[in-house]
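Peer 1: No letters, just coordinates:
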C-alpha cells in the first residue's frame, strides 16, 4: 500500500497541477485573450493565434529537468526556437514579403518614400526614451524597433542586441501590429483637419515591367551600400521581389510567398509565444517595454502624419495627411486604415493605392533603421 501511495505521490509531483504558479495561469489567460482577439476580432489572426497558443504551450507548469521546455538545451521547442534566437526566421519572412509585395505605387510616386522614412522617427524616439528609463543602449535599440510595426525586424534586431528581452519585444511588436486600426485612427483624426482629410489624390501612374525589375536591384544596391549591416533583411526583401517581378521565376516566388512564409510565420509565432514563460516574462521590464513600444508606435504614426502636413506647406500637389500613418511597416493594414478613415470624410476618396507607397517604403525603412542600430550598437 505504501508503494502505491509513493508512486501516486511521485506522479503528482510531475503533473502541472503540482507545479502551477499564479504566473503560469496569468500567461495562459493572456494566451487565450490573444487567440480570442485573433478569431473573434480577426486582428492579425495569422500572428495572434499562433502566438496565443504558443503562450499556453510555454506556460504549462512542468517538473524541472524533463528537457521539454523552450529554454532547455536539446529540447524540441528549444531547437525550433533557434530560428528566433539566432535570427534565421526573419530573413525568410522578408523573402516571402518581397515575393508578395508590389512596389508599383512607390515607384510611381518616389517622393512618398520620405513619409516611410519620417515614420521611423518612432524608432529613434523610443530609443531615447528607453535610455532615459535606464535601459542599456543595446536594449534601448531593440525596444525602439517596435515603432517600425514590423515583427520580424524586431525579432532580428533583439536577437542580436538584447536576446534576454526578445520575448517581450516580439510579443509587443506583434500586439501593436494587430492593433493598428485601434491605435492609429484617433491619432490621425487628432492631427488632421476635416479640410485636409478631404484632399483627393490622383491614382498612381502605370509602372512598366522593366521598372519593376530594375527597382529591387537598384533599391538593394542603394540601401545595402548605405547600411551594410541591414544586408540579411534588405537582401532577402529585394531578392524576393525580384523573383516576383522577373517573370521567369514564378514557381520560386509562389513558394516564397505561399508555403514557405506560412510555415515560418507559424513557427515564429508559436516559438515566440512559448518563450513567454512566466518566470522569464512577468517582470517589471516587460511591462515597461510594452509601454515604450506603444509610445514608439504612437510617435511613428504621428511623425508620418505631421511630415505630410509639413510637405504640403511647400508643394502645390497636396498629399492627404491620412496616408502619413502608412509610413509604418504594418503592410497592408495601416494602408487600409488610411483608406477607411479617408472614406469616412469623403466616400468617393480612395487612398489605398497612394497609401501603399509609404507603407512599402516603411518596410524598407524599418530594415534600414534596424541596420543603422545594429551598425553602431552591435
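Peer 2: Happy to help now that I have it. Fair warning: this is a prediction, and the values are worked out from it, not measured in the lab. Numbering: from 1, shown residues only.

Peer 1: quick one, strands of the stretch 1-150 of the chain?
Peer 2: Ranges of strands in the stretch 1-150 of the chain, per DSSP state E, counting those that start in this stretch: none exist.

Peer 1: which residues in the stretch 101-250 of the chain form helices?
Peer 2: 104-108, 113-119, 121-132, 137-144, 151-161, 166-178, 180-191, 194-197, 209-226, 231-245, 250-255 (DSSP state H, counting those that start in this stretch).

Peer 1: roughly how far is the first one from the heart of the chain?
Peer 2: This means helix 104-108. 22 Å (Cα atoms, centre = their mean, to the nearest Å).

Peer 1: other SSEs contacting that helix?
Peer 2: helix 209-226, helix 352-377 (3 or more Cβ pairs under 8 Å, 6 or more residues apart in numbering; DSSP states H and E). Quick note: C-beta positions are derived from backbone N, CA and C, even for glycine.

Peer 1: Residue 55: which of these is closest?
Peer 2: With Cβ to Cβ, the closest approach to residue 55 among the helices and strands packed on helix 104-108 belongs to helix 352-377: 24.8 Å.

Peer 1: Can you pull the poorly scored residue ranges out of the stretch 1-150 of the chain?
Peer 2: Applying pLDDT under 70 to the stretch 1-150 of the chain flags residues 1-3, 5-16, 18-19, 63, 65.

Peer 1: which residues does residue 117 contact?
Peer 2: For residue 117, the contact set (Cβ atoms under 8 Å, 6 or more residues apart in numbering) comprises 327, 361, 365.

Peer 1: Ranking by neighbours, what's the top pick from the residues you listed?
Peer 2: The most crowded member of the contacts of residue 117 is residue 327, carrying 35 neighbours; neighbours defined as other Cβ atoms under 10 Å.

Peer 1: Once you drop chain neighbours, what's closest to it?
Peer 2: Residue nearest to residue 327 in three dimensions, not counting chain neighbours: residue 119, with 2.8 Å by Cβ to Cβ, 6 or more residues apart in numbering.

Peer 1: OK, contacts around that neighbour?
Peer 2: 300-301, 303-304, 307, 324, 327-328, 358, 362, 365.

Peer 1: Could you report the neighbour count for residue 102?
Peer 2: By other Cβ under 10 Å, 15 other residues sit near residue 102.
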